[in-house]
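A.B. asks: Sharing a sequence plus its predicted fold:
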Amino acid sequence: MRNRWVLAIQWLVGLAVVYFAGRSLLSNWDQLGAQPLSLRLQPGWFLLSLLTVWLMYALLIAAWRRMLIGWGHSLDWKTAARIWTVSALGKYLPGKVWAVAGMAVMSQRAGVTPWAATSSAVVLQVLAIGTGAALAGLTGMGALETAHPGARGALLLLVTGAVGCVGLLLWPPFLKRLLRLVTPGTTVNDVPAAGGIVFGIGANLVAWSGYGLALWFLAQSLVPEPILSLRLATAAFAASYLVGFLALFAPGGIGVREGMFILMLKGPLGIGAATALAVGSRVLLTITELGAAAPFLVHFKRNARVAP
């Protein structure tokens, strides 16, 4: 009986995720078409943007697997990809804990010990936020200083703080204390080898840069004669994504992320093009997230049908 209740709750949560993600995609697609711009879709650039984002997903999955190996756990590529992509859809539900919680629960069911599953999910989030904040500050310093004179000092503090937080993860006593904090009641004797953390830092920096490249490709696809440098694209993507992530009240950062995006790009692109690109980026990410998880969701549904 208990298993039936758990299965029912899982399906309800899954349906809610699909509903919120689908609603986000449809509403943003309508907004994209309503922009007063002579937008044109160049399929080749758009496909290149999609492939770049999916390649960054693969890199982050590899970093997660490397971290788990440091804790004595091993997941095959298919299982790790399923957990990473499906749990990521939790960001479309209200609240910010569903993606991390989903990764932890699914990892446990794949044989990873509870503390390692939860700890790896939390460490991944810390690495993503820290590296993203540092990269956003460095690449966006010029643009924000132009729009808001005097912002350079605040950005330098942001970069310094972000680098310091990420660096603390390489210090075993701090990392052990953090892991004990996120897994109360569990004795944590081992921390992942520094090599796994370093690989995670590098992978996240490459991923943020890759997302910026994907945004640059998207601009070539949508906006006539875009005036968007790769550096500014990286800054806009990282800053807007992190602001949306930290807005606890906004599922998937909807609205908040787009506002930050427009704030950073309206100067060089104009308000119309910046708005179109902000909404286009939302559509792109929703497609990539649903597209990455879809094969595993379809496979799960087929297995459920044939199960006795």
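C.D. replies: Yes, it's here. Computed from a predicted model, the values in this text were never measured in an experiment. Residues are numbered from 1 along each chain as shown.

A.B. asks: Remind me which helix or strand Leu156 belongs to.
C.D. replies: Using DSSP states H and E, the element containing Leu156 is helix 151-168.

A.B. asks: any idea how far the next helix or strand after that helix is from the chain center?
C.D. replies: Secondary structure here is assigned by DSSP H and E; on that basis, the next helix or strand after helix 151-168 toward the C-terminus is helix 172-182. How far helix 172-182 lies from its chain's middle: 23 Å, per CA atoms, centre = their mean, to the nearest Å.

A.B. asks: so how far is the helix or strand following helix 172-182 off the chain centroid?
C.D. replies: Going down the chain from helix 172-182, the next helix or strand is helix 194-222, by DSSP H and E. Relative to the centre of its chain, helix 194-222 is centred 10 Å away, using CA atoms, centre = their mean.

A.B. asks: Ok, stretch 175-184 next?
C.D. replies: Distance of stretch 175-184 from the chain centroid (CA atoms, centre = their mean) equals 23 Å.

A.B. asks: Tell me which residues of it come out buried.
C.D. replies: Within stretch 175-184, the residues scored as buried using 16 or more other CB atoms under 10 Å are 175, 178-179, 182-183. The way it works is simple: take the backbone N, C-alpha and C, and place the C-beta from them, glycine included.

A.B. asks: now the residues you listed as TSV including pLDDT?
C.D. replies: Conversion of these to TSV gives the following (pLDDT from 0 to 100):
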residue	pLDDT
Leu175	78
Leu178	78
Leu179	76
Val182	70
Thr183	70
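
A.B. asks: What is the nearest of the residues you listed to Leu59?
C.D. replies: Leu175 (22.2 Å; CB to CB).

A.B. asks: wait, isn't that closest one in contact with Leu169?
C.D. replies: Yes: applying CB atoms under 8 Å as the test, Leu175 and Leu169 come out as touching, 5.5 Å apart.

A.B. asks: Between those two, which contacts overlap?
C.D. replies: 123, 197 (CB atoms under 8 Å, 6 or more residues apart in numbering).

A.B. asks: now the helices: where do they sit in this protein?
C.D. replies: If DSSP state H is used as the criterion, the helices of the chain fall at 2-33, 43-70, 77-88, 98-109, 114-147, 151-168, 172-182, 194-222, 230-246, 256-269, 271-306.

A.B. asks: Can you say which of those helices is packed in most?
C.D. replies: Ranked by average neighbour count under the criterion mean count of other CB atoms under 10 Å, the helices of the chain are headed by helix 230-246 at a mean of 23.

A.B. asks: got the contact list for that helix?
C.D. replies: Counting contacts by CB under 8 Å, 6+ apart, the residues outside helix 230-246 that touch it are 91, 96, 129, 132-133, 135-136, 139-140, 142-143, 208-209, 211-216, 219, 250, 252-254, 256-258, 260-261, 264-265, 268, 278, 281.

A.B. asks: and the helices of the chain, which one is worst for confidence?
C.D. replies: Considering the helices of the chain one by one, the lowest average pLDDT is found for helix 2-33, at a mean of 50.

A.B. asks: mind checking how far Val53 is from Tyr241?
C.D. replies: In this structure, Val53 and Tyr241 are 12 Å apart, going by CB to CB, to the nearest Å.

A.B. asks: and for the two, which residues touch both?
C.D. replies: Common contact partners of Val53 and Tyr241 (CB under 8 Å, 6+ apart): Tyr211.

A.B. asks: Show the pLDDT at Pro192.
C.D. replies: Pro192 carries a pLDDT value of 68.

A.B. asks: One more: Gly185?
C.D. replies: Gly185 carries a pLDDT value of 59.

A.B. asks: Run through the residues that contact the residue nearest to Tyr57 when sequence neighbours are not counted.
C.D. replies: Spatial nearest neighbour of Tyr57, chain neighbours left out: Ala292 (5.7 Å); criterion: CB to CB, 6 or more residues apart in numbering. Applying CB under 8 Å, 6+ apart, we find Ala292 in contact with 54, 57, 81, 85, 88.

A.B. asks: What's the separation between the second one and Trp64?
C.D. replies: Translated: Tyr57. Using CB to CB, Tyr57 is found at 11 Å from Trp64.

A.B. asks: Return every residue with contacts to both of these two.
C.D. replies: Counting by CB under 8 Å, 6+ apart, the common neighbours of Tyr57 and Trp64 are Trp84.
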